[in-house]
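# Below are the sequence and a predicted model; questions follow.
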Amino acid sequence: MATESKQPHEGSVEADAKRLRRTKFGGVELDQSTINDLSKFGINLAESRETWAPKLDHIVNGNVDVPVSEATIKRGGLQLESTQSPAVRAEPVRKQPLLTPEAIVLAHNRPSVLVRDGVFEDPAESKWRVVMNANRENITKALRSVGRVECDNLDRPAEFLGTAWMLTDKLAITNTHVARYLLDSDGTAASKVFPKELGSNKESGNPFRAFVNFDAQFRTTGVLRVPIKRVLWAAPNWTDDPNNEKTVYNPDVALLELDDTEGPLPKPIPLRETPLKINSQLVVIGYPAFDFSFSNPASEMESYFHGIYGVKRVAPGDLLAYVDDNLLRHDATTLGGNSGSVVLDMYTGTAVGVHSSGLVHKHNNAVTADAIRKVLEPVLQGLSVKFPEQPTPTEWAREEAPSDLSNRKGYQELFLSEDLPVPLPISSDPNAPLLNYLHHSVVMNKARRLAFLAASNIDGSLHKRITRRNTPWWIDPRLAKTFQVGQEFYKGTSYDRGHLSRREDTAWGDTVDEADLGQADTFCYSN
């Protein structure tokens, strides 16, 4: 005897809500069916965002009248029960913050910055603008190695599944809860190497392929979409310990083997070798998507993302705590799609962990670099693959001075003309050390270990465009180190080394080499 399952019919409120629950947005524009569904819940996207965003937030918090005659709808923690009246009042089921794949922790001062053509935009907040620009090179280098996990003909209504980043030359790391969509049902909780390559979708029979798209940036046309050969390894969700009858929850990590036959792959991001200190600053790089579980308030999503979802972003924040050796907590802004994002120490360009989940308005979680090493090292050893070594830092830690400073004439008072001298200002300390460089000079305050002032000569007619690279900062050997601050003063803080005399101002000379030397001299800690 055949049984008939009761399914919500197309066009019913229940079907509309079900489709909304499953929708993931990968771009700026929403599809027409989603717009129609939203309108049935009192949201008119033709209105300004300032008008409809609070309405959406209103719905999420249970304050909504929905015209239904017969439906039971669960959506984002809300439950609407059917009545005989033409409208029902939604009451929130959840009273506590929700554990979600991603979460907005702070409603303010945790921006999520767009990336265009491989360059992240300046944050509006001055605190983050200063520190992110000071470490722009490290962040930019990591940006190239982070991609969006996409698939063709997957029986799941999503443009993409999450984020992944290069861990070794051919292997990318993501979360198990992302990779499981690429596995057969018998492989979702396996803790072994998966030999089966991705083939066809069993249900639809259509060719099924998965990719990591290392571009997918806002208004960027370039595409580096690398095929995923297979899910090489995925951690089981938990392991039962037979000795103490305890369930052990495993780190949420998986390895994807990428196909490099079509060209070179982005370089791996090294794992940080020592734990980052509590309250240190970090960034999360990934692909936040619109949260249609409505766990995160719509007004806060709109404030941070302005309707642009599913593209590469950089989100700064602080390291809040270590739960244990396997899990850390941070407060960078994330949304659905950030699963698998790299959590980056921007001062060294190394990975602190892989983002995995969050608690709305509380904290976000990430699997630590130590846990990644511990879990994946046996897998890599079996493949004769090693983790990339952490590079010797240059931008933030080297303090070797140029070998010869004897030819540095410094600021010239008669630079404009002999008839128009511009002397250096007189400091309050007549014995203050004067340090001359190629095209600028610095007067030091020995007590404060910082500069009283800096002055430079600028010749625009001889300016040469010198691309900024990983130029090392250095301590001036002509002054005792006790009278200068070094990297130990700046590391792990929001203070910016900056430049008193601008790098580009001193990048001039008769030759490119002279201009290069002039700008390189500004990377002394005295400046």
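Great, that's in hand. Worth saying up front: this structure is predicted, and the values here are computed from it rather than measured.
# And the helices in the protein?
Secondary structure of the chain, counting by DSSP state H: helices at 13-22, 32-40, 49-60, 126-134, 136-143, 176-179, 298-305, 369-382, 487-490, 512-520.
# my read: residue 301 touches residue 104, true?
Yes. If you go by C-beta atoms under 8 Å, residue 301 and residue 104 touch, sitting 7.1 Å apart. Every residue, glycine included, has its C-beta placed from N, CA and C.
# neighbours of residue 387, just the number please.
Per other C-beta atoms under 10 Å, the neighbour tally for residue 387 reads 17.
# Same question for residue 436.
Neighbourhood size, residue 436 [other C-beta under 10 Å]: 17.
# Could you check what's spatially nearest to it, not counting adjacent residues?
Among residues not flanking residue 436 along the chain, residue 410 sits closest, at 2.7 Å (C-beta to C-beta, 6 or more residues apart in numbering).
# contacting residues around the one you found?
Residue 410 is in contact with 434-438, 440-441, counting by C-beta atoms under 8 Å, 6 or more residues apart in numbering.
# can we see that at 7 Å?
Applying C-beta atoms under 7 Å, 6 or more residues apart in numbering to residue 410 gives the contacts 436-437, 440-441.
# mind putting those residues in TSV, pLDDT included?
Output for the contacts of residue 410, formatted as TSV (pLDDT from 0 to 100):
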residue	pLDDT
436	95
437	95
440	95
441	95
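# Rebuild the residues you listed as TSV, extending it with distance to residue 116.
Listed next are the contacts of residue 410 as TSV, based on distance: C-beta to C-beta, whole Å:
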residue	distance to residue 116
436	41
437	35
440	33
441	39
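# so which of these comes closest to residue 422?
Relative to residue 422, the closest of the contacts of residue 410 is residue 441; by C-beta to C-beta it sits at 12.3 Å.
# and the closest one, what does it touch?
Residue 441 sits next to 410-411, 424, 434-435, 455 when contact means C-beta under 7 Å, 6+ apart.
# My guess is residue 345 contacts residue 272. True?
Yes. Checked against C-beta atoms under 7 Å, the pair residue 345 and residue 272 is within contact range at 5.5 Å.
# list residues touching both of those two?
residue 352.
# circling back: which of residue 301 and residue 104 has more residues huddled nearby?
In this view residue 301 and residue 104 are compared by other C-beta under 10 Å, and residue 104 has more residues nearby, 28 against 23.
# quick one: that one and residue 125, what's the gap?
When distance is defined by C-beta to C-beta, to the nearest Å, residue 104 is 15 Å away from residue 125.
# Ok, residue 299 next?
According to C-beta to C-beta, residue 299 stands 18 Å off from residue 125.
# what sits against the residue nearest to residue 103 when sequence neighbours are not counted?
Excluding the flanking residues, the one nearest residue 103 by C-beta to C-beta, 6+ apart is residue 358, at 3.0 Å. Counting by C-beta under 7 Å, 6+ apart, residue 358 touches 100, 102-103, 334, 364-365.
# same check, this time on residue 497
134, 473, 490.
# Find me the pLDDT at the last one, would you?
When you say that, I think you mean residue 490. For residue 490, the model assigns a pLDDT of 76.
# count of neighbours near it?
19.
# Just the pLDDT for the residue lying closest to it once chain neighbours are set aside.
Among residues not flanking residue 490 along the chain, residue 497 sits closest, at 5.6 Å (C-beta to C-beta, 6+ apart). pLDDT for residue 497: 77.
# From residue 271, how far out is residue 497?
Distance, residue 497 to residue 271, by C-beta to C-beta: 26 Å.
# now do residue 480
Applying C-beta to C-beta, the value for residue 480 to residue 271 is 37 Å.
# Equivalent analysis for residue 251, please.
Going from residue 251 to residue 271 by C-beta to C-beta gives 13 Å.
# show me what contacts the residue lying closest to residue 102 once chain neighbours are set aside?
When the adjacent residues along the chain are set aside, residue 102 lies closest to residue 334, with 3.8 Å between them (C-beta to C-beta, 6+ apart). Residues in contact with residue 334, defined by C-beta under 7 Å, 6+ apart, are 102-103, 284, 286, 288, 315, 341, 355, 358, 364.
# change it to 8 Å
Shown in contact with residue 334 (C-beta under 8 Å, 6+ apart): 102-104, 112, 284, 286, 288, 315, 341, 355, 358, 364.
# Kindly report the same for residue 314.
112-113, 115, 120, 132, 139, 143, 283-285.
# want to throw the residues you listed into TSV with neighbour count?
Below are these laid out as TSV (neighbours: other C-beta atoms under 10 Å):
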residue	neighbour count
112	25
113	23
115	23
120	21
132	24
139	21
143	23
283	28
284	30
285	28
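# and which of the residues you listed is nearest residue 164?
Using C-beta to C-beta, these come closest to residue 164 at residue 285, 11.1 Å.
# How about the contacts made by the nearest residue to the closest one once chain neighbours are set aside?
Residue nearest to residue 285 in three dimensions, not counting chain neighbours: residue 146, with 4.6 Å by C-beta to C-beta, 6+ apart. Residue 146 makes contact with 163-165, 214, 269, 285-286, 312, 341-342 under the criterion C-beta under 8 Å, 6+ apart.
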